[in-house]
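[1] here you go, sequence then predicted model.
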Amino acid sequence: MDTDTGPFARSFAATEALTVDDLRARGCSRWTTFPGCIGTSVAESDFGTAPAVLDAVRSRVDNLDLGYTTVARKLDLAESTTRFLTDRYGWAVNPAQVGVLPEVLSSLEVTLEHFSRPAPVIVPTPTYMPFFHLLRDHGREIIEVPMLPGTVDERSTRTLDHGRIGDALRNGASLLILVNPVNPTDTVFTRDQLEPLVGIVDRYGGRVWADEVHAPLIYDRRRHVPYASLSETAAAHTVTATSASKGWNIPGPT
């Protein structure tokens, strides 16, 4: 029986046949930064890139379309993003509220400078290490709040320490960094885990910066719940960072 279901299947099959030598020959950061080591130093995917994405890149190159992004393309990106959010999560977002930035840390910088008071920042841990460097560079005190062990559907996981987050906000913290799905763990917060945060943050006049760049990569039938989609109250105090870089394996071009 022919199991080939199209170009995506062929691309995936080619990926499955890759060797470590093949990956190093590509020259990507993941496999060349530390020669002779296992490629886990940076979040690049070893899987292929979707044919539709490759076709779009080839079209830009073939047309020598390598200049600055136009206003029309930014508007199209905003509309495409909102369609995806609606289709995938049932989350209706106004395209006018979607901004385009070069990478996720730029979103955090904008949030620090324009959407939060110059006060301590709450960072549930473990988390993405560059957050600490960026927060210190912006002169922010960091309040680490280790996540707690928990279970979801009889599966061991981690959950947020709502009590300590509330204490930090009550004592003057202005911003909570919420990474979901959690990098570097595989935690995907459920609605029940997230909903208590809304009242806590709102009570103390805080803000949430929600890093949801890994949201398209969900396994084991779990479902990503965008924090800002929980209610109008949550949306009013949240800046959400999302990206095509992880789900579609294009961190370089984005």
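    Perfect, I can see it now.
[2] all strands for the stretch 1-150 of the chain, in order.
    Here the stretch 1-150 of the chain has its strands, by DSSP state E, counting those that start in this stretch, at 121-125, 142-146, 148-152.
[3] hey, which of those strands is tucked in deepest?
    Highest mean neighbour count among these (mean count of other Cβ atoms under 10 Å): strand 121-125, with a mean of 22. (C-beta placed from N, C-alpha, C; glycine too.)
[4] now it: mean pLDDT?
    Strand 121-125 shows a mean pLDDT of 98.
[5] same question, stretch 56-64
    94.
[6] could the C-alpha coordinates of that stretch be exported in PDB?
    C-alpha atoms of stretch 56-64 as PDB (Å, rounded to 0.1, in the frame of the first residue of the first chain):
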ATOM      1  CA  ALA A  56       6.800  31.100   0.300                       C
ATOM      2  CA  VAL A  57      10.500  31.600   1.000                       C
ATOM      3  CA  ARG A  58      11.500  30.400  -2.500                       C
ATOM      4  CA  SER A  59       8.900  32.800  -4.000                       C
ATOM      5  CA  ARG A  60      10.500  35.700  -2.200                       C
ATOM      6  CA  VAL A  61      14.000  34.700  -3.200                       C
ATOM      7  CA  ASP A  62      13.000  34.100  -6.900                       C
ATOM      8  CA  ASN A  63      11.400  37.500  -7.100                       C
ATOM      9  CA  LEU A  64      14.300  39.200  -5.300                       C
END
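[7] ok now it, how far from the chain's centre?
    How far stretch 56-64 lies from its chain's middle: 27 Å, per Cα atoms, centre = their mean, to the nearest Å.
[8] and if you look at stretch 188-201?
    17 Å.
[9] mind listing what's buried in it?
    188-190, 193-194, 197-198, 200-201 (16 or more other Cβ atoms under 10 Å).
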